[in-house]
Structures are given as structure tokens and as C-alpha cells.
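1. Below: sequence and its predicted model.
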Amino acid sequence: MLFDNHKKTIKPYLAIFDLDETLIAADSASLWNAFLVQKGLAPQSLLEEEQRLMQAYAKGTLDMNTYMEATLQPIKGCDITKISALVEEFVEEKIKPALYPDALARIEWHKKRGDHVLIISATSEHLVKPIATMLNVEDVIAIELETINGIFTGNTKGTLSYQQGKVIRMKAWLDNQDTEFKGSYGYSDSINDLPMLDAVDRPFAVNPDPALSLHAQVQDWTIMDWRHDNNILR
């Protein structure tokens, strides 16, 4: 498990949410790439390449370094401020309509309990952090991007928060907290997040892909059906 309760003051539970296809009914990185093409800032071929890479993601075989190298090309050499303004427009136009009402209700449920909410994503931080801000979630773990003098280099840095990398990053995050937690909840849709879900005390499969659905049934995990057009929390 993620926790060593012998060193710090114990506080309420930690609620860990994946982002794409868990909190939103879409993949934010895919929407962003399409947005860049729509704006004339990336070629149509980017979407074709990404579609091929996402097929590997669905099978749990994607090389995330390859994906990031391909999809960061449009912002390589761009000023952070310019991209931040674009992301703000993107979040308002593309992400807000894709939010699962059930996800918003579940976050609120945890907050009312006094739990600490953390979003962890295999999408890059320049997208995940503004989305988390919109959701009133302060703590985020996402793929970190290298910048030099306020310019994106097109490279990532550190451990990529993907598959086992999510657990590595979570453990590092926990080590930097002033408090410990009684335990943890985890929410995801993807078999790629199996390491994360195995690491928490209370795993939930949200609209799971076929592989995660089968695993969840075998392990007797709770499976949650969140509908984009339904704002009633189950």
C-alpha cells in the first residue's frame, strides 16, 4: 500500500482520480490535439499519428515517450504564456462540456467528508493543471514538461505518470506531505492504471475498458457507471 502511518499525523482519506475518461467523457490530450489542428497550429497528420498511438494505449502497450515526443511537437518552441492562453480557451470550449456530472458529485462527496482530493494523469501538466483548477482541485500529478526561459522545449522531465510511473510519482508526492492519511480511494477507467488501483485501499473502476472491467469483476471491485447526461450520483 501507499502509506506508512508511523511517521506523520493521520488525517482523512486520500481520493485519487484519473482524469481522462474518468472525470471527463473524453481524452483531454486527444481533444487538445484536435483543437490545435482546428486552430491551424498543428497538421492533420498529428491526429492520424495520435489515433495509431492511442490504439496501443487501449491495449496497454503504448510507449509514452513516443506519444509525448509526437504530441508535443506543436508547442515546441512556444512561449508558456501564449500556450496558457490557448489552454484557457480550450478548457472552456472543449473540457467543460465533457465533464461527467457524476464525477463532480463524487469529488464533492469526498470533500464533504474531509478527504483530500488528488488528480493524477498521464496527460501533460500544461493541460491537467488548468482542468484541475476548474474542478477546484489543488493537487495534481501529471507529466512534467521541460521549459527553458519560459519556452517549451518539446521534452518531458522526470518520471512519466503513466502505468507504474503513477505509483512512483504518488509515493514521492506522499513523502512530501506533512500529514498521513487513514487510507485511499482510487478511481480510473483504464487497464493502464492497474498499478495505481492495486496500490490504493479502495479501488473503483469507472466506466472501465474491457480489460479493467474483467479484472474488477474478478477482484470484486466496485464498478461505477457514470453517464455524461446524468447528474445523479450513484
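-> Cool, got the structure. Residues are numbered from 1 along each chain as shown.

2. Let me know the secondary structure of Val140.
-> Secondary structure assignment for Val140 (DSSP: H, G, I helix; E, B strand; the rest coil): strand.

3. what's the neighbour count on it?
-> The burial count assigned to Val140 is 20, neighbours taken as other Cβ atoms under 10 Å. Any C-beta I mention is one placed from the backbone N, CA and C, and that applies to glycine too.

4. next one: Leu212
-> With neighbours defined by other Cβ under 10 Å, the count for Leu212 comes to 24.

5. in the chain, which spans are strands?
-> Assigned by DSSP state E, the strands in the chain fall at 9-11, 14-17, 116-124, 139-148, 151-157, 179-181, 184-188, 202-206, 222-224.

6. ok, now which ones touch Phe35?
-> Contacts here follow Cβ atoms under 8 Å, 6 or more residues apart in numbering; on that basis Phe35 touches Leu86, Phe90, Glu93, Lys94.

7. separation between the third one and Val128?
-> Which is Glu93. 17 Å (Cβ to Cβ, to the nearest Å).

8. I'd say Leu31 and Pro97 touch.
-> No. With contacts defined as Cβ atoms under 8 Å, Leu31 does not count as touching Pro97, sitting 10.2 Å away.

9. Comparing those two, which residue is more hemmed in?
-> For Leu31 against Pro97, the residue with the higher neighbour count under other Cβ under 10 Å is Leu31, and the figures read 19 against 11.

10. any common contacting residues for Leu31 and Pro97?
-> Counting by Cβ under 8 Å, 6+ apart, Leu31 and Pro97 have no shared contacts at all.

11. re earlier: and the strands of the chain as TSV, adding distance to Gln73 and mean pLDDT?
-> Compiled in TSV, the strands of the chain are given as follows (distance: least, Cβ to Cβ, whole Å; pLDDT from 0 to 100):
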stretch	distance to Gln73	mean pLDDT
strand 9-11	42	71
strand 14-17	29	98
strand 116-124	13	97
strand 139-148	13	98
strand 151-157	6	97
strand 179-181	39	87
strand 184-188	28	98
strand 202-206	31	98
strand 222-224	36	97
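
12. ok, now which ones touch the nearest residue to Leu212 once chain neighbours are set aside?
-> Across the structure, with Cβ to Cβ, 6 or more residues apart in numbering as the measure, the residue nearest Leu212 apart from its sequence neighbours is Ile191 (4.5 Å). Residues in contact with Ile191, defined by Cβ under 8 Å, 6+ apart, are Gly60, Pro208, Asp209, Ala211, Leu212, His215.

13. What of Ala216?
-> Taking Cβ under 8 Å, 6+ apart as the definition of contact, the neighbours of Ala216 are Pro203, Ala205, Pro208, Thr222, Ile223.

14. Ranking by neighbours, what's the top pick from these?
-> Greatest neighbour count in those, by other Cβ under 10 Å, goes to Ala205: 28 neighbours.

15. Am I right that it is in contact with Val218?
-> No. Here Ala205 does not reach Val218: they are 11.2 Å apart, not a contact under Cβ under 8 Å.

16. which residues of the protein score low on pLDDT?
-> For the chain, the stretches with pLDDT under 70 are 1-10, 229-234.

17. go again using 50 as the cut-off
-> Low-confidence segments of the chain, defined by pLDDT under 50: 230-234.

18. Quick one: the helices in it, in order.
-> Counting by DSSP state H, the segments of the chain that form helices are 28-38, 45-59, 64-71, 80-90, 101-113, 125-134, 164-175, 194-199, 210-219.

19. tell me which residues in the shortest one are buried?
-> The neighbour-count criterion (16 or more other Cβ atoms under 10 Å) identifies Leu194, Met196, Leu197, Ala199 as the buried residues of helix 194-199.

20. Quick one: residues contacting the first one.
-> Right, Leu194. With contacts defined as Cβ under 8 Å, 6+ apart, the neighbours of Leu194 are Gln163, Leu212, His215.

21. All set, thanks.
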